[in-house]
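Colleague: Kindly generate the corresponding structure for this input.
(chains A and B)
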Amino acid sequence: MAADYGALLSPTSRGRRFKANLVVALAVVATTFALVPLASVFLFLVTRAAGVLGPDFLLQDPPGDLSAAGGGIRNAITGTLEMTALATFIAAPVGILIAIFDTEVGGRAATGTRFFIDVLVALPSIVVGIFVYSLIVVAQGHFSGFAGSVALAAIMLPVIVVSTEEMLRLIPRPISEGARALGLSRWRTYASVFLPTAVSGIFTGLLLAVSRAIGETAPLLFTALGNNFFSTDMNEPMQGLPLLIYRNALNSAFPAARDRAMGAALVLVLIVLAFNLLGRWLVARRKLSRSTGQ
Amino acid sequence: MNEEVAMTIETPFRQAAVLPTWPAEPAEPVRPPETDNAVVLRLRNVDAFYGAHRVVRDVSLDITGNAITAIIGPSGSGKSTLLRCMDRMHEVVPHARATGLIEYMGTDLYDARIDPAAVRRSIGMVFQQPNPFPTMSIADNVAAPARFNGLVKSKTASADLVEQCLRRAALWEEVKDKLHHSGASLSGGQQQRLCIARALALAPNVLLMDEPCSALDPVATLQIEQLMTDLRASYTIVIVTHNMQQAARVSDRTAFLTMGDDGAGYLVEEGPTGRIFTQPRERLTEDYISGRFG
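Modeller: Alright, predicted model coming up:
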């Protein structure tokens, strides 16, 4: 026994310490590689957009001619928020119900839906745009914010299904058996036990889907189309931040258009950031209240 | 591992006199007259399977009303599976099924017209791992299942039920000032008593307990045992336990299962607990209770 203590007290060998430090150093380098592009994009946007950003930029609509200076991106902000909100209202219930179907019903039918969800994840977003174009825009005869929402919902749906399924699978077996042993009906078990238990995870998945959809350009190109004027009518073509960035960046030969694109890009990044922070804060607050039971 | 638990539980039982917070000695339980000890659950030739694998073979057993029946036996002897057949929880596991006859007060539980959820409402179950619903308050854990099953309608009725069941589960005094706290904030033993209260809220006749103390410390274990003794006058209790001392302490009748050469558990013998532990008829029983195997 005494000899063992000696081994415990002897200093760690040089080779071991070197190897440990090497691994830590590699991890630091890899993390830096990942963070550098992120930070540089953000810094780039902040420095380029600093000139245009101000209350007017957020509260005014763009000028009719995008080469003209002045004006703001109000119509794009409201358009993006409106279309993303409607897309969430469409995709969230459908996605959660599909996830429940997959976990609860299972079997061959669930394998089928899971396959289609996987296909939907892999589908290029421009294809989603074209599909919704032929489905809704052609049928209605005009572009609309509603069509844009449907396209965004199709982008969000697989993200919501996959994350919700993941969360429902994490529910401990004793909890689900407890609900079964009390003779609760299936829908009651989900509504009152499973979904509340998994809510923070489902919510996180929802935010992920929103963050993904809010920056999508391709699905909106042939659906919402874009609109130079302020409009909250879902039946009319609607402007969105990605569309505005796209159109103005295409004309970046004009300094005004380039600045507008930069400013709108920064606003978009900040909106996504705000959504994520809000979500994290809500989830953390919920967890806290659960663990202390207050 | 469960044998270790069994050993540790022994100690405080012997030292009961020096533990200041010890629950009061149980009053002599009011035993119903012998004629009331009708057969509540009648099992005939019960086999239970997981897929093609038989885990319980040909068990015939009568469970007497207003008594505690202990099911003991080594690991893999099908004790829990047999118990789960009695409230149709066995079939919740994919590919699991049971054959043979299980009658509850004269009704065939496996009749095609019987709703398994209804069976589970009149035959309550308590699990090895305390499983209060984590997102519900203490009060809701008790009241919600009863409310969902339409047993209570008004708020006052539900508050009365909560108090009544928590009192019956010997938990009221400890939680009456924090009924709105999360059920997950309680200690393991309190959680298990909360689960018992939750089961009692559905007014079952039978309480099936699947190793209810194996996740609990010795003090909590003895509180549960005390509680079982108190409940015996009003309920039919079946307890699966790894702990022979526990079976000897609390049960009126004991059934001993062991694993056969085919890997399926079968009933070796059943009888009054005193006789099983002092004059077992079968050699296997004697070997098991004297610690020679299992």
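Colleague: which outside residues touch stretch A:186-203?
Modeller: A:96, A:100, A:104, A:163-164, A:166-168, A:170-171, A:175-176, A:179-180, A:184, A:279, A:282-283, A:286-287, B:133-136, B:144, B:148 (CB atoms under 8 Å, 6 or more residues apart in numbering or on different chains). The C-beta positions use only the backbone N, C-alpha and C, and glycine is treated the same way.
Colleague: Recalculate using a threshold of 7 Å.
Modeller: Contact with stretch A:186-203 is made by A:96, A:100, A:104, A:163-164, A:167-168, A:170-171, A:175, A:179, A:279, A:282-283, A:286-287, B:133-135, B:144, B:148, as judged by CB atoms under 7 Å, 6 or more residues apart in numbering or on different chains.
Colleague: List the buried residues for the strand or helix carrying residue A:42?
Modeller: Residue A:42 belongs to helix A:14-49 when assigned by DSSP states H and E. Across helix A:14-49, burial judged by 16 or more other CB atoms under 10 Å in any protein chain shown covers A:45, A:48-49.
Colleague: Return the member of those nearest to chain B.
Modeller: Closest to chain B out of the buried residues of helix A:14-49 is residue A:45 (40.4 Å), distances taken as CB to the nearest CB.
Colleague: Show the pLDDT at that closest one.
Modeller: Per-residue confidence (pLDDT) for residue A:45: 93.
Colleague: How are the helices of chain B distributed by residue range?
Modeller: B:2-14, B:79-85, B:116-122, B:138-148, B:155-168, B:172-175, B:188-200, B:218-231, B:244-250, B:273-278, B:283-289 (DSSP state H).
Colleague: Please narrow the contacts of stretch A:186-203 to those residing in helices.
Modeller: Short answer: the contacts of stretch A:186-203 in helices (DSSP H) are A:96, A:100, A:163-164, A:167-168, A:175, A:179, A:279, A:282-283, A:286-287, B:144, B:148.
Colleague: Of those, grab the buried ones for PyMOL.
Modeller: Buried residues among the ones in helices among the contacts of stretch A:186-203 (16+ other CB under 10 Å), as a PyMOL selection:
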select buried, (chain A and resi 96+100+163+164+167+168+175+179+279+283) or (chain B and resi 144+148)
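Colleague: tell me the two of the ones in helices among the contacts of stretch A:186-203 that are most distant?
Modeller: A:279 and B:148 (30.2 Å; CB to CB).
Colleague: I figured residue B:282 hits residue B:267, correct?
Modeller: No - if you go by CB atoms under 7 Å, residue B:282 and residue B:267 don't touch, sitting 10.2 Å apart.
Colleague: With neighbour numbers in mind, choose between these two.
Modeller: More crowded of residue B:282 and residue B:267, by other CB atoms under 10 Å in any protein chain shown: residue B:267, with 22 against 13.
Colleague: List the contacts of stretch B:128-137.
Modeller: By CB under 7 Å, 6+ apart, stretch B:128-137 touches A:174-175, A:178, A:193, A:196-197, A:290, B:141, B:144, B:179-184, B:188, B:191-192, B:194-195, B:210-212, B:214-215.
Colleague: OK, contacts around residue B:76?
Modeller: Residue B:76 neighbours (CB under 7 Å, 6+ apart): B:259, B:265.
Colleague: Around chain B, pick out the residues from the stretch 151-294 of chain A.
Modeller: A:174-175, A:177-178, A:180-185, A:188, A:192-193, A:196-197, A:290, A:292-293 (CB under 7 Å from any CB of the partner chain).
Colleague: Swap in 10 Å and give it another go.
Modeller: A:171-186, A:188-189, A:191-200, A:286, A:289-294 (CB under 10 Å from any CB of the partner chain).
Colleague: Now the buried members of those.
Modeller: For those, buried by 16+ other CB under 10 Å: A:171, A:174-184, A:188-189, A:192-195, A:197-198, A:200, A:290.
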